[in-house]
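In: got a sequence here, can you model it:
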Amino acid sequence: MKVPPWIESLLSTAFFTICPRHRDTPRNECNMYCLDCLNDAFCFYCRSSRHKDHLVIQIRRSSYHDVVRVAEIQKILDISGVQTYVINSARVLFLNERPQPKTSGGSSTSSSKGVSHLCEICSRSLLDPFRFCSLGCKLVGIRKKGDTSFVISNKNNEEEVMIERREGITATRLASKEEIEEEELREGSPQEMYRASTPTTAHSNSRRRKGIPHRAPFGS
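Out: Below you'll find the model as predicted:
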């Protein structure tokens, strides 16, 4: 099996419609999809009440097109060969093929500019040497050529584990450094606050009163 049973349903689902069950509440756009139920998209509130323990992915939007974060989808799908993009500091990929702007002669801009990297299915220009512009085009490529797959292989798992380990080591180092700095700040702050907030006063010893004078005893 090169294609999981839920991928076609995911790619054909309409997202970002208003949830009929929560029309009058905020965050009621249907931007989530359950891989266990394989039904329509649903909103944030439906996830809490109907899909609490299910495998759910969140769909986002970029320029009116549906995208999904790489960190979220690569755990359940082999996305090798699909062009990724960094949007709002997060790496994402598009779900489906996007319409391409046409030149005055009627041809697409990618073909007129002689771009070196093109999607094998829709000929969209790509930033890097990938094969497909979206998950939808990779699905078409799997059906036409059969030389790739959506199923995560052991090799991909090993590579992902190595990447996670490297990222984990880096994150641990950064976290340790931040903890040290935070600890130093935590230890130093009360003293600095005390020094800054307490006015300098003379010690009580310097204002000690002299002893009470005693009269000499009267002579007999």
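
In: what residue ranges in the protein score low on pLDDT?
Out: For the chain, applying pLDDT under 70 flags the ranges 1, 102-115, 154-220.

In: strands along the chain, start to end?
Out: 32-34, 56-58, 60-62, 65-69, 85-87, 90-94 (DSSP state E).

In: in JSON lines: those strands, plus mean neighbour count and distance to Val140.
Out: For glycine as for every other residue, the C-beta is placed from the backbone atoms N, C-alpha and C. Shown next, in JSON lines, are these (neighbours: other Cβ atoms under 10 Å; distance: least, Cβ to Cβ, whole Å):
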{"stretch": "strand 32-34", "mean neighbour count": "21", "distance to Val140": "20"}
{"stretch": "strand 56-58", "mean neighbour count": "16", "distance to Val140": "21"}
{"stretch": "strand 60-62", "mean neighbour count": "14", "distance to Val140": "21"}
{"stretch": "strand 65-69", "mean neighbour count": "20", "distance to Val140": "17"}
{"stretch": "strand 85-87", "mean neighbour count": "12", "distance to Val140": "20"}
{"stretch": "strand 90-94", "mean neighbour count": "18", "distance to Val140": "14"}
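
In: tell me which of the ones you listed sits nearest to Lys2.
Out: strand 90-94 (18.2 Å; Cβ to Cβ).

In: got the CA positions of that closest one in PDB?
Out: The C-alpha trace of strand 90-94 is given here as PDB (Å, rounded to 0.1, in the frame of the first residue of the first chain):
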ATOM      1  CA  ALA A  90       7.100  27.400  10.300                       C
ATOM      2  CA  ARG A  91       7.900  25.000   7.500                       C
ATOM      3  CA  VAL A  92       4.800  24.000   5.600                       C
ATOM      4  CA  LEU A  93       3.700  22.300   2.400                       C
ATOM      5  CA  PHE A  94       0.600  22.700   0.300                       C
END
